Structure formats: C-alpha cells, structure tokens
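Sequence first, then the predicted structure, then my questions.
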Amino acid sequence: MDAVVNGAALERAETRSAPQRRGVEALQILMARVAAIQVWVEAGMERRRSRRMLMELTDSQLQDIGLSGADVAGRGP
C-alpha cells in the first residue's frame, strides 16, 4: 500500500509547478526539523526525569550504582 501511496504522491509532485515543488520541499524540511526538535525535547525531558529519580536516592544507594550526589547534581566527572 505504501508503494501505491508513494507512487501517487510522486505522480502529483511531477505535475506541480516549480514554485509548488519548492513549497512542498520547504514544508518537508520544516516537518523534519520539527520532528528533530520534538526528539530533542523528549530526550531532555527523559534526562530530567532520570535526574529527579536519582536525586531521591540516598548516598548509600547512589554508591551502590557507582554514583555520588555530585554526579547526580551535575557537578561530578
């Protein structure tokens, strides 16, 4: 089915004028950048969640997993 859809999209793209094709290309670039930003934001949110969870551990628990309070606070090596 994807091949049929992609084939139809390609046929439509071939019938577009140059300005329309540039507009479609610009939209595709914009969508790719928005998707990259979304991935970046989600990764940052995951890092914050992980750090908050680590901050709830005691020094003894952190030591068990090879970390220190300074590591969790971002001041470690």
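Perfect, thanks for sending it.

show me where the chain has helices.
2-14, 18-55, 59-64, 69-73 (DSSP state H).

now, of those helices, which is deepest in the fold?
Each of the helices of the chain was scored by mean neighbour count; the highest is helix 69-73, a mean of 14, by mean count of other Cβ atoms under 10 Å. Every C-beta, even on glycine, is put in place using the N, C-alpha and C of the backbone.

and that helix, what other elements does it pack with?
With contacts taken as 3 or more Cβ pairs under 8 Å, 6 or more residues apart in numbering; DSSP states H and E, helix 69-73 sits against helix 18-55, helix 59-64.

could those go into JSON lines alongside mean pLDDT?
Below are the helices and strands packed on helix 69-73 laid out as JSON lines (pLDDT from 0 to 100):
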{"stretch": "helix 18-55", "mean pLDDT": "93"}
{"stretch": "helix 59-64", "mean pLDDT": "94"}
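
Out of those, the one nearest G74 is which?
The closest of the helices and strands packed on helix 69-73 to G74 is helix 18-55. By Cβ to Cβ, the value is 7.8 Å.

what about G66, neighbour count?
By the criterion of other Cβ atoms under 10 Å, G66 has 7 neighbours.

T58 too?
For T58, using other Cβ under 10 Å, the count is 9.
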